[in-house]
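Novice: Next come a sequence and a model predicted from it.
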Amino acid sequence: MVNESGPAPEDIARGVIDDNRFMVLGTVHADGTPRVSPVYYGHVGYQRFYWVSSPDAHHSRNLAARPRVELVIFDSRAVPGTTSAVYLGGSAAEVQPGDLAAACAEAFARVGDGVRAFTPDELSGAAALRLFRAEVERAEIHVRGSDPVWGKGVDTRLEVHL
């Protein structure tokens, strides 16, 4: 939806999510230290995000113990002052074997150029990688302080409903 003042915040968020392929995954170590990792993602309905990773990676082990996540998606190639960002919060976990076939079908339904769809066999048993899923509970966009509609003089976040 676009009005005289520009796109709606929800449309901005959806555009950022659709136009990018990597997100920053934020997890927490046992001692409370944050851990951030870039991961290639796919999404379903802007509410469910998937990525493939080793279960031995720091972020994967963090999720096994503490499922809360923060995700950030933005275009790192954009000129400063022109980019938009989406902040997502929720919980995440490894997809369990009984759910893997349906999750793979969902996660890899729309893969981009140079990306292949993994099969359940490639993400289970003795395989080195697993499928992870985050369920979004909260979404916000970055609003520049100078934004003519949503700006408040300083950069802020605006909650959106996706």
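Specialist: Perfect, I can see it now. Numbers count the residues shown, from 1 in each chain.
Novice: need the longest helix for this protein.
Specialist: Looking only at the chain and at elements set by DSSP state H, the helix with the highest residue count is helix 9-19.
Novice: neighbouring contacts of that one?
Specialist: 1-2, 7, 43, 46, 73-75, 84-86, 139, 141, 150, 158, 160-162 (Cβ atoms under 8 Å, 6 or more residues apart in numbering). Where C-beta positions appear, they are placed from N, C-alpha and C, glycine not excepted.
Novice: Now do the helix or strand that it is followed by: which elements does it pack against?
Specialist: The first helix or strand that comes after helix 9-19 along the chain, using DSSP states H and E, is strand 22-28. For strand 22-28, the packing partners by 3 or more Cβ pairs under 8 Å, 6 or more residues apart in numbering; DSSP states H and E come out as strand 34-40, strand 48-53, helix 58-65, strand 68-74.
Novice: Give me the angle between strand 22-28 and strand 34-40.
Specialist: Between the axis of strand 22-28 and that of strand 34-40 there is an angle of 150 degrees, by axes from the mean of the first three to the mean of the last three Cα atoms, to 10 degrees.
Novice: May I see the buried residues of strand 22-28?
Specialist: Counting neighbours by 16 or more other Cβ atoms under 10 Å, one finds that the buried residues in strand 22-28 are 23-28.
Novice: Closest one to residue 95 out of these, please.
Specialist: residue 25 (15.2 Å; Cβ to Cβ).
Novice: Quick check: bridge partners of that closest one?
Specialist: residue 37, residue 71 (DSSP bridges).
Novice: can you pull the contacts of it?
Specialist: 36-39, 51, 59, 69, 71, 92, 134.
Novice: Can you check the pLDDT for it?
Specialist: In this model, residue 25 is scored at 98, pLDDT.
Novice: for residue 112, same thing?
Specialist: The predicted structure lists residue 112 with a pLDDT of 69.
Novice: Checking residue 158 next. Helix, strand or coil?
Specialist: Each residue gets one of three states, and residue 158 gets strand by DSSP: H, G, I helix; E, B strand; the rest coil.
Novice: typo on my end, residue 102
Specialist: When the rule is three-state DSSP, residue 102 gets the label helix.
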